[in-house]
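Colleague: Could you look at this predicted model? Sequence included:
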Amino acid sequence: MIGEGLDFSSVKFYINKGEDAPAVPTSSDEPTSSPTSSPDDGDGNLVCNHGQEHDGPSASWWILFLGVRQVIVLGLARATQFLIMTYALKINFRGIMGPSVRLYLLQSRGWPFVMMIWAIYNFAMLYGSRRFARHWIYYQSWIELFNECNPAGSVTTAPVYRGLLGFAIALGLLVATKRFWIGLRFGRTSYFRYAEKLWEVLREQLLISKVAKYSQIEYFERLENHDLSQESVLESWYQAGDEVLGNESASAGLTSSPGKSPVRPNRPRTASVESAPVESAPYLTALQNENIEEMIGAWEDLDIDPPVQGEADLSDIIQFRASLSVLESPMPYSPVFGEARTRSETIKRSEALYGQLLKKQEFLYGNEPLLPEYGVLRFHTIAITAIKSNGTFDRTLCRELVKLFRPSRNGNITKLDFCKSIDSHYKELRKLRASIANEGRVNTASEKLVDSVFFLIVAIVGLSVLGIDPIALFGVLTSFILGFSFMISGASSDFFRGLLFITVQRPYDIGDRVTVAGSENEASANGSAGWIVKDVNLYHTTFLFGYTMEYATISNGTLSKSRIINGARSGRAYLSFTMKFGLSVPSETTTSFKEQLIEYVKSKPREWYAFFAFRITNIEASQGYVEYIIVVEHRESWQQVWGLLESLGDLRAVAFELSRELGMGYKAPTMPIELNMMQNNDAQRESRSIPEDSPLMPLMPPLGSFFGR
């Protein structure tokens, strides 16, 4: 220990005034000691001016050492941390300090970094046999309290002191390394779990921001006044839909003088929806209109490949963490869109943006009604966002806009559908933000468990450094530990099973709709209400029942033994139902039924993705029917189970109406009546009859009605 081998019997205080203070020679016959010389008896023992020897440190030296010099060193360590963390890490030292070093320093911030720097400063300023290590102002002789007249003993050279400083440096490095490794491990896990989803959310968020920016009429006027060139699509901006000029104007272009805007010609009214499924927009070129028509017609084929996952390096994790700050913005869709802190604000801003787009649409069409149903937004107005600054048309961006806003087959977007598209994205944004926040809480709890094991090992090593046998110390508690372990063995097994279930497998996130059942149970063909995940921690998971919103808490150890179907992580939902048609229905009628049903599915691009199957599953000649199964693929996953069931109900109603119009209805044959059964029933009634002389005879009417007579 620090005080081991140190003699405190000779501890005295020395001051320069007082009656008992040693005299300082003043005559020329007794020369004064040099301020830089140290009183020594020749054997290395400190001797004050009055000639007494002192082998141990004085009490005043301990006060100065612990209460002054160590406090100063600790302040220097904290100041060093402030300078490095505040200024040095903000400078990009390319080739000198990479992201790994910077992240390591950031992870060591706090007491580990301060402890390391404190120990290093101790080695530099307070350790060793140097005179400076014993007394910082040893060179002066006016105050003997601060020079070598105040004995320091062997504290600054004690092996225990050296071991304590080395242990402090090692502990700081180990804690920083632990934090760095755990942060990197959790960071990679979060990256692979949420990076793809974050990429999709940010991409759609950027699209909505661009639509809000391009909805401003002032922005279009700036493009309109731009100098037009032969290669620019703006040269035929207005004439693309002109029936007179047609494609000739698109190829020939318009000549314009510098600083003048092209003249907006008169535009004919567009045709009706019945005559033109997808109408062209007169402010886009013929090629652009053709591209948009092709994209709207091929709606179910618009899939954007997700980014390929590979080994995530440190820069990817840092960029992922930096991108998460965008989700916390009060204006996630740019200042032009406005604040969207809550869902109600988002819906109001979406309605305002829809109105702004209608105004711009009227401006582009010369204030003429666009469709027979005036006030409906065309997708072509939103497609202006796909025009680059150089005038070229970005087909990829247009595909993303189609996938986000999901226009109808004729290119129209109603106000309800427009607000639904933005509201759906805002819901995904909030759900992702809640999932990542919950992931952080789970990671923090996991790190605390790792810290408990880590610091237990550190305590054992620390006791060994101080000369205490840890085995003897823990041997006293062996009987108690063994008894306690037997008592909680079952609960511990369940806890660690649930811990691995959450930290390693993690089959759900906040807001996911899951179905919990035994692994041997069959899943429902058309989904179920399931449970909505409300909260997740290391010990249990909180659910809300899908039908009644009842609150339930289940331990993770119990859930680890179950089969969990996650609707949010599932793909597009497949829905199916069966119909029975009579044997007399001709095949041409069945084919017509199938074609009309496919057309209905195609007319609902916001709901259905594709018509998947229409096939025979059963033929019952004796019953006189053929059973068909109809399978369709919905755009949403089983996360939106209520919307799926509603869409399925509408499709079944349409299929029933079609079958009735085409005369395909099946009527089950009448079942024969078994007379023997009727005779047996009559015999039972007679056996229960009441004699006429019975006292219960007056009660026969009510009893007869009770027994069904």
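Modeller: Nice, I can see it.

Colleague: So which bits of the strand or helix carrying residue 79 are buried?
Modeller: Counting by DSSP states H and E, the element that carries residue 79 is helix 70-86. Going by neighbour count (16 or more other C-beta atoms under 10 Å), the buried part of helix 70-86 is 73-74, 77, 80-81, 85. Every residue, glycine included, has its C-beta placed from N, CA and C.

Colleague: Same question for stretch 413-428.
Modeller: Under the neighbour-count criterion of 16+ other C-beta under 10 Å, stretch 413-428 has 413-414, 417-422, 425-426, 428 buried.

Colleague: for the spatially closest residue to residue 554 that is not a sequence neighbour, what are its contacts?
Modeller: In this structure, residue 554 finds its nearest non-sequential neighbour in residue 541, 5.8 Å apart by C-beta to C-beta, 6 or more residues apart in numbering. Going by C-beta atoms under 8 Å, 6 or more residues apart in numbering, residue 541 touches 508, 533, 535, 553-554, 556, 559.

Colleague: Show me the two of those that sit farthest apart.
Modeller: Spatial extent of these (C-beta to C-beta) is set by the pair 508 and 553 at 14.6 Å.

Colleague: Just want to know which of those two has more residues nearby.
Modeller: residue 508 (25 against 11; other C-beta atoms under 10 Å).

Colleague: show me where pLDDT drops low in the stretch 401-550 of the chain?
Modeller: The stretch 401-550 of the chain contains residues with pLDDT under 70 at 473, 475-476.

Colleague: quick one: the strands in it?
Modeller: Remark: strands assigned in the stretch 401-550 of the chain by DSSP state E, counting those that start in this stretch are 412-413, 513-517, 531-536, 540-545.

Colleague: Point out where the chain drops to low pLDDT.
Modeller: For the chain (pLDDT under 70), the answer is 1-55, 88-97, 217-312, 365-374, 473, 475-476, 671-709.

Colleague: Which helix runs longest in it?
Modeller: In the chain, with assignment by DSSP state H, the single longest helix is helix 159-214.

Colleague: what's that helix packed up against?
Modeller: Counting by 3 or more C-beta pairs under 8 Å, 6 or more residues apart in numbering; DSSP states H and E, the packing neighbours recorded for helix 159-214 are helix 99-107, helix 111-125, helix 314-323, helix 334-337, helix 343-364, helix 395-405, helix 415-465.

Colleague: who wins for proximity to residue 634 among those?
Modeller: helix 415-465 (14.1 Å).

Colleague: For the closest one, which helices and strands make contact with it?
Modeller: helix 159-214, helix 343-364, helix 395-405, helix 470-475, strand 531-536.

Colleague: Mind naming the longest strand for this protein?
Modeller: Scanning the chain for the longest strand, with DSSP state E as the assignment, gives strand 608-620.

Colleague: Please name every helix or strand in contact with that strand.
Modeller: strand 574-582, helix 587-602, strand 625-634.

Colleague: What residues of the longest one count as buried?
Modeller: Which is helix 587-602. Buried, per 16+ other C-beta under 10 Å, within helix 587-602: 590, 593, 597, 600-601.

Colleague: from those, which is closest to residue 318?
Modeller: residue 601 (45.5 Å).

Colleague: Verify the stated contact: that closest one with residue 633.
Modeller: No. Counting by C-beta atoms under 8 Å, residue 601 stays clear of residue 633, with 9.2 Å between them.

Colleague: Now the common contact residues for the two.
Modeller: Each of 608, 610-611 lies in contact with both residue 601 and residue 633 under the rule C-beta under 8 Å, 6+ apart.

Colleague: contacting residues around residue 498?
Modeller: 538-540, 555-560.
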